[in-house]
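>>> sequence first, predicted coordinates after that:
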Amino acid sequence: MHCRITRNAGSLKIQDIERKQFHILKVLEDANGAMGARLIARRLGDTGIGLGEVTVRYYLKLTDERGLTRLVKRRDGRVITDLGRAELQRALVSDKVGFALNKIEMLAFRTDFDVETRTGALPVNVSFFRSDEFRQALKVMKPVFEGGLCVSDLVRVADAGDRVGDYIVPEGMTGLATVCSIAVNAALLHANIPINSKFGGVLQMSNGRPLRFVELIYYSGSSLDPSEIFIRAGMTSVNQVKATGNGEILANFREIPAACLPLTTEISRKLQAAGIGGVLLTGNVSEPVCQIAVDVNRVGIVLIGGLNPVAAVREAGIESENHAMSALVDYKDLVSFGRVCEERV
């Protein structure tokens, strides 16, 4: 009996070590560049994982020994290696499930945009395009932004070597930050309105109006952002929707308590005045929305996907590397898409 307990305790200790290493590797993968122990510890703290700088440094030595990370320069910190990325793919399945939901909740919590003063940071998606294709990508996205098939027409463009959040734009690439629908989550959270993020999906549009969800992935059971999956799979027809009003776009589904509907409507109005939309459709109390059942005394809300402009580019045959709901950008650093087109096209 004593031997079995000792073995189980050792197994649990090894599993705990692997779990901590997994979270550190995930931070480095999302960083898209070198990061030191202090910043890694801060990022882990933002997601509710309490590892101090000294502890992170200890685990980084272990991942260095295993070839999962590599020290760039003492001041620059570590980067994840190809072996480290492969390890993430094989890592603890239980730690991956629900990762998308955790990402939404923590990014909403970290967002400090004040809708009244219009100051603070907003959550964004970050996409990288080949620099020689970026001008053409802007032309494809222009009617999508003008048609309102996005959360906001506020964007940020970054050239190679520039930083967007924790991401450094790779050589030969141009980065584009688009406002994420989590901006709505954050605004409601700061107003003490509980919001349940249910799923991301593909929404069928008919004559320019939402009809029904034809595909969906629940955040609670996913380790990846649904929008990234749908874009890679070519499951959207955003350009067709813009041209004819019919087709499929990216959208997300949320629920709020019925008693919070008036305040939610007011906050949505203020967000729109600040150039941030996102709310595509709000249902009635306890009634289905786009053929999705809603719990009793709850209201369903359909939010438009922030990556719809990027999905349109993918439909046009232009590739991009997308990191959905991945960073925060200060509101004052965002500019209108129209201005970007004037400067770059």
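Perfect, thanks for sending it.
>>> strands of the stretch 201-345 of the chain, start to end?
Assigned by DSSP state E, counting those that start in this stretch, the stretch 201-345 of the chain shows strands spanning 209-218, 247-257, 279-282, 298-304, 321-330, 335-336.
>>> mind listing the strands the third one pairs with, and their directions?
Spelled out, it's strand 279-282. Taking DSSP bridges as the criterion, strand 279-282 forms sheet pairs with strand 298-304 (antiparallel).
>>> give me the pLDDT for Asp16.
You'll see Asp16 listed with a pLDDT of 66.
>>> same deal with Val155?
98.
>>> now the angle between strand 321-330 and whatever helix or strand it lives in, please.
Per DSSP states H and E, Val155 falls inside strand 154-158. If you take axes from the mean of the first three to the mean of the last three Cα atoms, to 10 degrees, strand 154-158 sits at 110 degrees to strand 321-330.
>>> what's in contact with strand 154-158?
Applying Cβ atoms under 8 Å, 6 or more residues apart in numbering, the contact partners of strand 154-158 are 122, 124, 164, 169, 174-179, 275-276, 329, 331, 333-337, 340, 344. Heads up, the C-betas are built off the backbone N, CA and C, glycines and all.
>>> residue contacts, the spatially closest residue to Glu319 that is not a sequence neighbour?
Take Glu319 and drop its neighbours on the chain: the residue closest to it by Cβ to Cβ, 6 or more residues apart in numbering is Arg130, 7.5 Å away. Contacts for Arg130 were tallied using Cβ under 8 Å, 6+ apart; they are Gly172, Met173, Thr174, Glu319.
>>> just to revisit the earlier point, of all the strands of the stretch 201-345 of the chain, which lies closest to Glu105?
Nearest to Glu105, of all these, is strand 321-330, at 10.6 Å by Cβ to Cβ.
>>> quick one: pLDDT of Asp46?
Note for Asp46: predicted pLDDT of 72.
>>> actually Ile256, sorry about that
For Ile256, pLDDT reads 97.
>>> show me the contacts for it.
Leu188, Ile193, Pro194, Ile195, Asn196, Thr264, Arg298, Val299, Ile301.
>>> give me the number of residues near the third one?
Neighbouring residues of Pro194 were enumerated by other Cβ atoms under 10 Å; the total is 10.
>>> then the fifth one?
Here the number of neighbours of Asn196 (other Cβ under 10 Å) works out to 17.
>>> please name the nearest non-neighbouring residue to it.
Using Cβ to Cβ, 6+ apart, the nearest residue to Asn196 is Glu255, at 4.3 Å.
>>> give me the number of residues near that neighbour?
By the measure other Cβ under 10 Å, the count of residues near Glu255 is 19.
>>> identify the bridge partners of it.
Beta bridges link Glu255 to Asn196, Gly300 when assigned by DSSP bridges.
>>> hmm, it is touching Gly300, no?
Yes. Contact criterion Cβ atoms under 8 Å: Glu255 and Gly300 qualify, at 5.7 Å.
>>> who touches both of those two?
Val294.
>>> rewinding a little: buried among the contacts of Ile256? Need that as a selection in ChimeraX.
Selection of buried members from these for ChimeraX, criterion 16 or more other Cβ atoms under 10 Å:
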select :188,193,195,196,264,298,299,301
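>>> just name the shakiest helix or strand of the chain by mean pLDDT.
Ranked by mean pLDDT, DSSP states H and E, the helix or strand of the chain with the weakest confidence is helix 93-96, at a mean of 58.
>>> so after that one, what's the next helix or strand?
helix 99-110.
>>> now the element after that next one, going C-ward?
Trace forward from helix 99-110 with DSSP H and E and the next one is strand 121-130.
>>> so what's the residue count around the closest residue in space to Asn322 that isn't next to it in sequence?
Distances taken as Cβ to Cβ, 6+ apart put Ser127 closest to Asn322, at 4.9 Å, once the chain neighbours are dropped. Using other Cβ under 10 Å, Ser127 has 25 neighbouring residues.
>>> ok, now which ones touch Ser127?
So Ser127 contacts Gly175, Leu176, Ala177, Thr178, Leu307, Val310, Ser320, Glu321, Asn322, His323 (Cβ under 8 Å, 6+ apart).
>>> skipping adjacent residues, who's closest to Gly161 in space?
Val169 (6.4 Å).
>>> that neighbour contacts Leu176, correct?
No. Using Cβ under 8 Å, Val169 is not in contact with Leu176, being 9.7 Å away.
>>> re earlier: mind pulling up the pLDDT for the residue nearest to Asn322?
pLDDT, Ser127: 96.
>>> re earlier: may I have the strand holding Val155 as CSV, with CA atoms only?
What follows is strand 154-158, C-alpha atoms only, in CSV (Å, rounded to 0.1, in the frame of the first residue of the first chain):
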residue,chain,number,x,y,z
LEU,A,154,-10.6,50.8,-36.3
VAL,A,155,-7.4,48.9,-37.0
ARG,A,156,-3.7,49.1,-36.5
VAL,A,157,-1.1,48.3,-39.1
ALA,A,158,2.4,47.2,-38.1
